[in-house]
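Asker: Got a predicted structure plus its sequence, pasted below:
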Amino acid sequence: TLDIKCQYSENLFHHISKFPEDMQLKEDTVNVHYAILQFHIEAHGSKCEENFCFRYMRHMAMVCGEIVESGWVYTNLLLMSVREMGSVCHKTLNNHWGTYNWQKVVSFGTSFLVSCQWLPLLTDVF
């Protein structure tokens, strides 16, 4: 999901055709669904909301999609350090993102249990 998905979707496969052959996706062999994060969709206007909003996509109504961006709050703290590192900054950022992803995996069981406890209430409401 990207904020610019409404614009990006128009020429995505044209740009992909410029990739090296082994990295290309063929439009007729993949099924791509474009979406814009819930937090950002309001600023795009009604046309984008109709076409790219999670709320109107099958099986996606309860997804906000913001988890993609939530990790930035932790890496923003690294700014003062990594900007002085040169090329090793990429390794540092990858290590931090790897740790963040590992923590999400480890805590998945607890998060899933909490979500399941909310399920009856959400089912009644919706």
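Answerer: Nice, I can see it. Quantities reported herein were computed from a predicted structural model and do not represent experimental measurements.
Asker: Please tell me how far residue 86 sits from residue 92.
Answerer: The spacing between residue 86 and residue 92, counted by C-beta to C-beta, to the nearest Å, is 11 Å. Every residue, glycine included, has its C-beta placed from N, CA and C.
Asker: the more surrounded of those two?
Answerer: Shown here are residue 86 and residue 92; by other C-beta atoms under 10 Å, residue 92 has more neighbours (14 against 8).
Asker: Surely the more buried one is in a strand?
Answerer: No - Residue 92 is assigned helix when assessed by DSSP: H, G, I helix; E, B strand; the rest coil, not a strand.
Asker: Domain parsing of the chain, as residue ranges.
Answerer: 1-70, 71-126 (automatic domain parsing).
Asker: among these, which is the most enclosed?
Answerer: Mean neighbour count (mean count of other C-beta atoms under 10 Å) peaks for domain 1-70 among the domains of the chain, with a mean of 13.
Asker: now the domains of the chain in TSV, with mean pLDDT?
Answerer: Shown next, in TSV, are those (pLDDT from 0 to 100):
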stretch	mean pLDDT
domain 1-70	77
domain 71-126	84
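Asker: Kindly spell out which helices and strands sit in contact with whichever strand or helix holds residue 14.
Answerer: Taking DSSP states H and E as the definition, one finds residue 14 inside helix 5-16. Packing contacts for helix 5-16, counted by 3 or more C-beta pairs under 8 Å, 6 or more residues apart in numbering; DSSP states H and E, involve helix 46-52.
Asker: so what's residue 42 up against?
Answerer: If a contact means C-beta atoms under 8 Å, 6 or more residues apart in numbering, then residue 42 has residue 49 as its contacts.
Asker: three-state assignment of it?
Answerer: Secondary structure, three-state DSSP: residue 42 is helix.
Asker: so how far is residue 51 from it?
Answerer: Distance of residue 42 to residue 51, computed by C-beta to C-beta: 14 Å.
Asker: Please apply the same query to residue 99.
Answerer: Applying C-beta to C-beta to residue 99 and residue 51 gives a distance of 36 Å.
Asker: Thanks a lot, catch you later.
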